[in-house]
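**Q** model this:
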Amino acid sequence: MTYTGHVVPGGPADVRTLRRATIRKMAVSAMNNNVYLVTCTETGEQLLIDAADDAPRCLALVQEGTGRLDHLVTTHRHSDHVRALEDVARATGATTYAGAEDADALPVAPDVRLRHGDVVTVGVLELDVIHLRGHTPGSVALSWADPDDGTHLFTGDSLFPGGHGRTTTPEDHHSLMGDLEERVFAKHEDDTWFYPGHGDDSTLGVERPSLAEWRARGW
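**A** As a prediction, the model looks like this:
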């Protein structure tokens, strides 16, 4: 596998080619936001995760795939993840999705308000919606279980290598840790590869031994 998951703003996308899907990752903005394009191999349907910034570059990424955009998911409401949302949605006509509790704060009201346990279908791919409460009230992750290549998890800012995303109160920290422990780590194998909202990727197996440390440090 040539895919590493390391990308930089202004640089090319890193491409992971699987039997059933292709995953493209690129970085935009000074905050090194990640944008992901998931392409269904069988149908050509495409999903963009987080139109964070630089709409022309996001649209160029779509063209690097099949040229169509069917689905556009926003993982959470923070401004650095939605700067290109309105322009990309308008240019493509894609169905838009976001967590129900974050939906009203977005520049574009989503067509679909996501809740825990929902499924986003991209061609023959089914991505399970995981509500992770704490970084924002409506943060969501998407989990795709590939029968050949393990599980692929898109976590927004709720999970990074080395810890969870920023929380501002002890209650939010404990909420997010609880959801990560119960809804992510308890239900996914160690070889699950996760793709965060900023920076490099990791696997749950690499991060699992640190869960107690993350909970104890309180942020």
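**Q** For the rest of this, base every contact and every neighbour count on C-alpha atoms.
**A** Will do.
**Q** Now for residue 147, how many residues are close by?
**A** Using other Cα atoms under 10 Å, residue 147 is surrounded by 9 other residues.
**Q** which residues sit in contact with the residue positioned nearest the centre of the chain?
**A** In the chain, the residue lying closest to the centroid (Cα atoms, centre = their mean) is residue 154, at 3.4 Å. Counting by Cα atoms under 8 Å, 6 or more residues apart in numbering, residue 154 touches 141, 142, 143, 194, 195, 196, 197.
**Q** any idea how far residue 159 is from the first one?
**A** The spacing between residue 141 and residue 159, counted by Cα to Cα, to the nearest Å, is 9 Å.
**Q** for residue 191, same thing?
**A** Using Cα to Cα, residue 191 is found at 16 Å from residue 159.
**Q** Look at the two and report which has more neighbours.
**A** Each of residue 191 and residue 159 has its neighbours counted (other Cα under 10 Å); residue 159 has more, 28 against 15.
**Q** What does the pLDDT read for that one?
**A** As predicted, residue 159 sits at a pLDDT of 98.
**Q** Low-confidence regions, the chain specifically.
**A** Within the chain, not a single segment meets pLDDT under 70.
**Q** in it, which spans are strands?
**A** For the chain, the strands defined by DSSP state E cover 14-17, 21-28, 33-40, 46-49, 71-74, 95-99, 112-114, 119-122, 125-131, 140-146, 150-156, 193-196, 202-203.
**Q** Can I get the fifth one in PDB, CA atoms only?
**A** What follows is strand 71-74 as a C-alpha-only set of coordinates in PDB (Å, rounded to 0.1, in the frame of the first residue of the first chain):
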ATOM      1  CA  HIS A  71     -23.400  13.200  -1.000                       C
ATOM      2  CA  LEU A  72     -21.800  15.800   1.200                       C
ATOM      3  CA  VAL A  73     -21.400  15.200   4.900                       C
ATOM      4  CA  THR A  74     -20.300  17.700   7.500                       C
END
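**Q** how about residue 29, what does it touch?
**A** Counting by Cα under 8 Å, 6+ apart, residue 29 touches 9, 53, 54.
**Q** again, only using 7 Å
**A** By Cα atoms under 7 Å, 6 or more residues apart in numbering, the residues touching residue 29 are 9, 53.
**Q** if we can go back for a sec, include distance to residue 59 when you put the strands of the chain into CSV, please.
**A** Conversion of the strands of the chain to CSV gives the following (distance: least, Cα to Cα, whole Å):
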stretch, distance to residue 59
strand 14-17, 16
strand 21-28, 12
strand 33-40, 10
strand 46-49, 10
strand 71-74, 12
strand 95-99, 15
strand 112-114, 21
strand 119-122, 18
strand 125-131, 22
strand 140-146, 21
strand 150-156, 20
strand 193-196, 20
strand 202-203, 26
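**Q** which residues touch residue 129?
**A** Neighbouring residues of residue 129 by Cα under 7 Å, 6+ apart: 115, 116, 117, 118, 119, 140, 141, 142, 143.
**Q** Who does it form a beta bridge with?
**A** residue 142 (DSSP bridges).
**Q** Test my guess that residue 13 contacts residue 26.
**A** Yes: with contact defined as Cα atoms under 7 Å, residue 13 reaches residue 26; the gap is 4.5 Å.
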